[in-house]
Each structure stands twice: as C-alpha cells, then as structure tokens.
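Asker: coords please:
(one chain, ligands or ions: 1)
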Amino acid sequence: MTQTPQPDPAKLAAAREAVALVRDGMKLGLGTGSTASVMVRELAARARAEGLSLRCAATSRATCELAESLGLSIESLDRIGWLDMTIDGADEVDPDLHLIKGGGGAHLREKIVAAASKRMVVIADPAKVVEQLGAFPLPVEVVQFGFETTRTLIRRALDDLSLGDREVLHRLKGSEPWVTDEGNWILDLHLQSIPDPLALARALSAIPGVVEHGLFLGMCHLAIIGKPDGTVVRLDRNADIDADMLAGEGDQP
Ligand SMILES: O=C[C@H](O)[C@H](O)[C@H](O)COP(=O)(O)O
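Answerer: Coordinates of the predicted model:
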C-alpha cells in the first residue's frame, strides 16, 4: 500500500489550526497547493471522526479529486452559493495580508472562491511571510488567443509603473505551455518587488487577454503561520510581523 508522506510540520500546524475553525454545517472553499492539501486531509479526518456535515467547493481539479478521494463531498460553487469560509495557501503574505497566489496556477478559481466567501483564511509556513510582495514571480493567467500581444501589453504596463526590464516568462511544463484548469496559459512576472500592488493589480486587470492575476488584495481576513516546532502565529491585517517570521530568517522549515 502507498503511504502518504509525513506532512511538513509547519504546514501541518497551520492546517490544523485552520481546520479547528470549521463548524458543523459550514459551507467551505478548499484551496489548492501543498499546504491546502495538508488541510484537506486534516479536514477530511476531522469530518469523519466527528461526523461533520460540510458542503465544499474546490478551487482546482486536483483539490476536487483529493477531497473526494478522502470522502468529502464537493459541489459546484454555483450550487452551494456563498461560503462561510475558504482555507487556502499562498506564495507570499505581506503585513496587510495582501497575497501573491498562483504558484500552482490555480489563482483564477481560487480568487472566485475567495470572493464568494465571508472569510478567507490563509495557511502558510514562515517562508511565505514577506515585508513587501514581489520576490515570488507573479502569475498572470492569459487567454491563448493573442498571447504575445497580451505579453507585450503587460510589458508596457510594467514600463508605465517603472517596473520595466523585468522578465515576463511563459510558464512551461516540460517543453509545452502549462495549461490551467480553465484552458489558459500563464505568464510569470519576475518583478523582485512590487512597491504599489494596487496600481499593478489595476493595470493588469485592464489588459484585454488577462484573465486574472495572482495579487489578492484585501481578500484575506486571517493568516495562520505554522512554525516548524508545531506552534502557530496568527496575523491579522496590519499586525506587526515579528522579524524572525520574515522569509530568509528565523525559524525556517
Ligand atoms: O496556485 C496555487 C495556489 O495559489 C497555492 O495556494 C499557492 O501556490 C501556495 O502553494 P503551496 O502551499 O504549495 O506553497
């Protein structure tokens, strides 16, 4: 029998803390990625042990398959309607709880599900906590039609924001374009830093051909940061971030 590998202790701690927020009868959004997968496993185990009745919407095919394989019932978002809470991972979290998401290419569905939720809870390990967004390449989902034109329009928008000369790379899987669950392609914007996330978000959203970018601004209500020793830190918006939480320092996994 194939054994599930032991989860990273920091991700497990964050996932457990988030799953403890779940109440019987809730309607939940389930995120995507390695941290969200740990959460889905914990949620399924708790639901089974306590007989919780939950209705869940998944943010990707991968999460849907995992959740269903563990006995969670997945419905379409439109069938469930508004959700009580979404629990998801992130690639970066800043002190305002602005996020970069989409490292796994799921940010389009993730953003729709988060927007349909009363509360978005992000779970992450300390490496995701940053003072300023942008070291992680910003994913932008783009339709295939006119792809190079859209890429040029994005480069011009970056120029206008004094973010020119940055790499705008077509995400590949092997030698083929990486295709999202919605059948689109992804550009990864290697920006190093994003001094004005709101201006960038507005500029990207205004470009025809851009379906969705990975900036989640003002959407996250609570970030739960798991640490390798199994403890967690909760970050509310504008809470001071302890220096040792910052990426590259302190308790790294
Ligand atoms: O598209 C993927 C999602 O936005 C993930 O939540 C994000 O990439 C974090 O994933 P992980 O928990 O694997 O680092």
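
Asker: hang on, Val233 in a helix?
Answerer: No: with DSSP: H, G, I helix; E, B strand; the rest coil as the criterion, Val233 is located in strand rather than a helix.

Asker: that one: neighbour count?
Answerer: 19 (other Cβ atoms under 10 Å). For the C-beta atoms, the positions are set from N, CA and C on the backbone; glycine is no exception.

Asker: residues in contact with the residue in the chain that the ligand sits nearest to?
Answerer: Scanning the chain for proximity to the ligand using Cβ to the nearest ligand atom identifies Gly33 as nearest, at 2.6 Å. Applying Cβ atoms under 8 Å, 6 or more residues apart in numbering to Gly33 gives the contacts Asp88, Gly89, Gly103, Gly104, Ala106.

Asker: so for the last one, what's the pLDDT?
Answerer: In this case it means Ala106. Model confidence at Ala106, given as pLDDT, is 98.

Asker: mind listing what it touches?
Answerer: Here Ala106 is in contact with Gly31, Thr32, Gly33, Thr59, Ser60, Ala62, Thr63, Thr180, Asp181 (Cβ under 8 Å, 6+ apart).

Asker: got it, and the second one?
Answerer: Residues touching Gly89, when contacts are defined by Cβ under 8 Å, 6+ apart, comprise Gly31, Thr32, Gly33, Ser34, Thr35, Ala36, Lys101, Val122, Ile123, Ala124, Lys128.

Asker: how about it, nearest residue that isn't a chain neighbour?
Answerer: In space, Gly89 comes closest to Thr35 once its chain neighbours are excluded; the distance is 3.6 Å by Cβ to Cβ, 6 or more residues apart in numbering.
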